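Novice: Build me a structure from this.
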Amino acid sequence: MQQFDVRQLDLPVGSNIILIGMPGAGKSTIGVLLAKVLSRSFVDTDVYIQAHEGRGLQEIIDADGLEAFRAVEERHILSLDCQDHVVATGGSVVYSELAMRHLKATGIVIYLDLPLLVIEKRLTNIASRGVVMGPKQTLANLHDERRPLYLRYADIIIDCANLSHEEILGKITDSLVAYPSDK
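Specialist: Below you'll find the predicted structure:
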């Protein structure tokens, strides 16, 4: 990727850039790289939740259940108070309309869209990763359930199929430069 001049962005002052998408879509990895390119701080909400709860995501899910985890996630997202950050969210954040309204009010939501087959290849540790899914639910079911929610909340959709990290960053920065500043 060619050098990006952050002055090209005409985003509202304080606007966050929020990444949503399936587990394994690359939100955390792309988030760190994007924060570096844009000279912004980075927050991974999964790490934020784990740090504040003092236990891993899978521990919370196993001990308290899916609904309790979603409530914990929502509470921590609503407490998130940052500006000019890149924020990588957990894949399940879209289940909470309150959390998504809060995130959208703080910035631009970008959906990293990746084909299910690629996600399946990347998620080799699904049982321990802290993926919010029912015991009999498949990754395909989860993808079908969540994709309409990602599309609903996204301000920008990045098709990440067959792209390198640098190419994804290029598509994101191009989309941000073209994003209407009056939104």
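
Novice: Now do the strands in the chain.
Specialist: In the chain, the strands defined using DSSP state E lie at 16-20, 41-44, 85-88, 107-113, 156-159.

Novice: Next, the contact list for the residue nearest the centre of the chain, please.
Specialist: The C-alpha lying nearest the average C-alpha coordinate of the chain belongs to residue 20 (Cα atoms, centre = their mean; 2.9 Å). By Cβ atoms under 8 Å, 6 or more residues apart in numbering, the contact set of residue 20 is 27, 89, 91, 93, 94, 109, 110, 111, 112, 150, 153, 154. For every residue, glycine as well, the C-beta is placed using N, CA and C.

Novice: swap in residue 53?
Specialist: Counting by Cβ under 8 Å, 6+ apart, residue 53 has contacts 60, 72.

Novice: one more time with 10 Å, if that's ok
Specialist: By Cβ atoms under 10 Å, 6 or more residues apart in numbering, residue 53 lies in contact with 59, 60, 64, 69, 72, 73, 75, 76.

Novice: Report pLDDT for the third one.
Specialist: Think residue 64. In this model, residue 64 is scored at 94, pLDDT.

Novice: For residue 151, see how far away the closest residue in space to it that isn't next to it in sequence is.
Specialist: Nearest residue to residue 64, sequence neighbours excluded (Cβ to Cβ, 6 or more residues apart in numbering): residue 72, at 7.6 Å. Computed as Cβ to Cβ, to the nearest Å, the residue 72 to residue 151 distance reads 25 Å.

Novice: more crowded one of those two?
Specialist: For residue 72 versus residue 151, the count of surrounding residues by other Cβ atoms under 10 Å is larger for residue 72: 17 against 12.

Novice: Helices of the chain, start to end?
Specialist: Using DSSP state H, the helices of the chain run over 27-38, 45-53, 57-64, 66-79, 97-106, 116-122, 139-153, 165-178.

Novice: Output those in JSON lines; the columns should cover distance to residue 85.
Specialist: Output for the helices of the chain, formatted as JSON lines (distance: least, Cβ to Cβ, whole Å):
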{"stretch": "helix 27-38", "distance to residue 85": "7"}
{"stretch": "helix 45-53", "distance to residue 85": "11"}
{"stretch": "helix 57-64", "distance to residue 85": "21"}
{"stretch": "helix 66-79", "distance to residue 85": "13"}
{"stretch": "helix 97-106", "distance to residue 85": "9"}
{"stretch": "helix 116-122", "distance to residue 85": "25"}
{"stretch": "helix 139-153", "distance to residue 85": "18"}
{"stretch": "helix 165-178", "distance to residue 85": "14"}
